[in-house]
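K.L.:
how would this look folded up:
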Amino acid sequence: MKTTQPPSRSAGRGRRLATVAAAMLAGLALVACSSNAGTPDSSAQPTFSTGNAAYDAVINAGPVADAATVSANSWASAVKASGTLRVGGTQTSQLFSLMDPISNQIIGFDAGLWQLLSRYIFGSVNTKVTIVTSATREQVITSKQVDVVLATYSITPARMQQIDFAGPYYASQAAILVKADNTSITSVDDLADKNVATQAGSTGVALLQQYAPKAKVVTLPDDAQCQAAVTSGQVDAYVIDQTILLSDLITNTGVKLAGQPFGPADSYGIGVLKGSDGKAFINQFLTTIEQDGTWQKLWAATIQAKTKTTQTATPPAIGSAGN
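P.N.:
The predicted structure is shown next:
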């Protein structure tokens, strides 16, 4: 009688190892096939997150330009090739660009526009922000330190001699900020012989010369210092765009707006290098977000949400500031 021996332990182990190896190879083959499945759509791009759900939803749903649109523009092509949109901006404006200490992201209407512009170019938010003041905005553009400046940047003939502006994307008249208990200033006419602060390099200087020529103008570097000068009594009032002063009211209960807005509406534009075709590309971007409702949604998630206003807003016509 022939006796059949049971399989050895080593033989059984060999068969199990062979089975595992075959499964691993099959898995690798599947991965290799899936890697050639095509380029993911924009929904697969990294999700932008600040912790503000309404704001994040607007940015993550923003339009993305097709490859042909980007490649047809030399400015956009260069930005995309660099991997980062370099922005000149601010981080202290409650409504337009405020640094969130938790997410370490800048949030606001201006910030949302540069984040949407980045998404339009890259399909995701890839930005590097250089902090600018009213006095340094042209410099960072002409020296090519940034690709754009988005910082409540009023379009003026003098500035257009140095740089180009896309837009405008927003418009605001000037207003007057005073201490909450001030009763002596109720209109621009009351600024005569008063110490009035405005930001150095801003349109506030020209406005005061025209509408309050007898005011004693005090120029300070930024909004925070102008606001502090009012609160401390160093100056009697602070004149600048109403939208900036609305931001100050959110965090400072010691101040108020006096009288009605005055002067021509300041049109905010996006600064780019003079002669660059970036202006045309950004205007195309602005047209896209205005027509698809993204502009309105961003306004509602930022300015309307902060000020609780029931008013609606519409963007000014592109090119309406003579740019």
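
K.L.:
break down the stretch 151-300 of the chain into its helices, ranges please.
P.N.:
For the stretch 151-300 of the chain, the helices defined by DSSP state H, counting those that start in this stretch occupy 157-160, 204-211, 223-232, 242-251, 278-291, 294-299.

K.L.:
chain center to stretch 194-206, what's the gap?
P.N.:
Mean-position distance between stretch 194-206 and its chain equals 24 Å (C-alpha atoms, centre = their mean, to the nearest Å).

K.L.:
quick check: the residue positioned nearest the centre of the chain vs residue 301, distance?
P.N.:
Nearest to the geometric centre of the chain sits residue 111, at 1.8 Å (C-alpha atoms, centre = their mean). According to C-beta to C-beta, to the nearest Å, residue 111 stands 11 Å off from residue 301. All C-beta spots, glycine's among them, are computed from the backbone N, C-alpha and C.

K.L.:
hang on, the earlier thing: in a helix, the residue nearest to the centre of the chain, correct?
P.N.:
Yes - membership of residue 111 in a helix is supported by DSSP: H, G, I helix; E, B strand; the rest coil.

K.L.:
from residue 103, how far off is the residue nearest to it when sequence neighbours are not counted?
P.N.:
Among residues not flanking residue 111 along the chain, residue 97 sits closest, at 4.5 Å (C-beta to C-beta, 6 or more residues apart in numbering). To residue 103, residue 97 is 14 Å away according to C-beta to C-beta.

K.L.:
which strand residues bridge the residue nearest to residue 111?
P.N.:
residue 93 (DSSP bridges).

K.L.:
contacting residues around it?
P.N.:
89-91, 106-111, 150-151 (C-beta atoms under 8 Å, 6 or more residues apart in numbering).

K.L.:
follow-up on the earlier one: could I get the helices of the stretch 151-300 of the chain in a markdown table, plus columns for mean pLDDT?
P.N.:
Conversion of these to a markdown table gives the following (pLDDT from 0 to 100):
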| stretch | mean pLDDT |
| --- | --- |
| helix 157-160 | 96 |
| helix 204-211 | 95 |
| helix 223-232 | 96 |
| helix 242-251 | 88 |
| helix 278-291 | 98 |
| helix 294-299 | 98 |
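
K.L.:
which of the ones you listed sits closest to residue 56?
P.N.:
helix 294-299 (11.5 Å; C-beta to C-beta).
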